[in-house]
Structure formats: structure tokens, C-alpha cells
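Engineer: What shape does this take:
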Amino acid sequence: MSKEIVAPMPGLISKIFVTAGESVAQNKEVLILEAMKMENVIVANDSGKVKEIKVKQGDAVAVNQVLIVLE
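Structural biologist: Residues are numbered from 1 along each chain as shown. Take a look at the predicted model:
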């Protein structure tokens, strides 16, 4: 079953810390989302393996947009 990490607010992706195929633990930092001149660290809400990264550095994202899919 896939698990999704979604954007909690609109913003820009400034840094991605994981790669496809990498295992992540719950609460591991996966990327930084810049919003309102603040850097917001987005963490994995569950442990799993990164199945797909749906964004790249510099992308603008909307609230609830899927950023990373875990399996």
C-alpha cells in the first residue's frame, strides 16, 4: 500500500534530501518547502521506501499536492 507525503501549504521546493529507492524512517526530513520567506522542513509521516518523487528543486507546489510517494 502506498503512502503519500503532501504539501501542508503552497510554496517552493528548495531542497530534497531523499532519492527514489531510499528507505526512510518515520519523522525523517525529506525536503524543505519555502513558504512566506520561511523554510519548512517536511518529514515522512510513516516509514517506508521512496517509490516516487513527484517534485524537483525549484517547483512551485499547491496545498495538498503529492510530493513523495512511499511504499
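
Engineer: Now do the same contact list for Lys15.
Structural biologist: Counting by C-beta atoms under 8 Å, 6 or more residues apart in numbering, Lys15 makes contact with 31-32, 57. Backbone N, C-alpha and C define where each C-beta goes, glycine included.

Engineer: Show me which of those is closest to Gly11.
Structural biologist: Ile32 (9.4 Å; C-beta to C-beta).

Engineer: who touches that closest one in this structure?
Structural biologist: 13-15, 17, 39-42.

Engineer: Glu34 reaches Ile42, doesn't it?
Structural biologist: No. With contact defined as C-beta atoms under 8 Å, Glu34 and Ile42 do not form a contacting pair (11.0 Å).

Engineer: picking up where we left off before, let's have the contacts of Ile32 in JSON lines, adding pLDDT and secondary structure.
Structural biologist: Below are the contacts of Ile32 laid out as JSON lines (pLDDT from 0 to 100; DSSP: H, G, I helix; E, B strand; the rest coil):
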{"residue": "Ile13", "pLDDT": "98", "secondary structure": "strand"}
{"residue": "Ser14", "pLDDT": "97", "secondary structure": "strand"}
{"residue": "Lys15", "pLDDT": "98", "secondary structure": "strand"}
{"residue": "Phe17", "pLDDT": "98", "secondary structure": "coil"}
{"residue": "Glu39", "pLDDT": "96", "secondary structure": "strand"}
{"residue": "Asn40", "pLDDT": "97", "secondary structure": "strand"}
{"residue": "Val41", "pLDDT": "97", "secondary structure": "strand"}
{"residue": "Ile42", "pLDDT": "97", "secondary structure": "strand"}
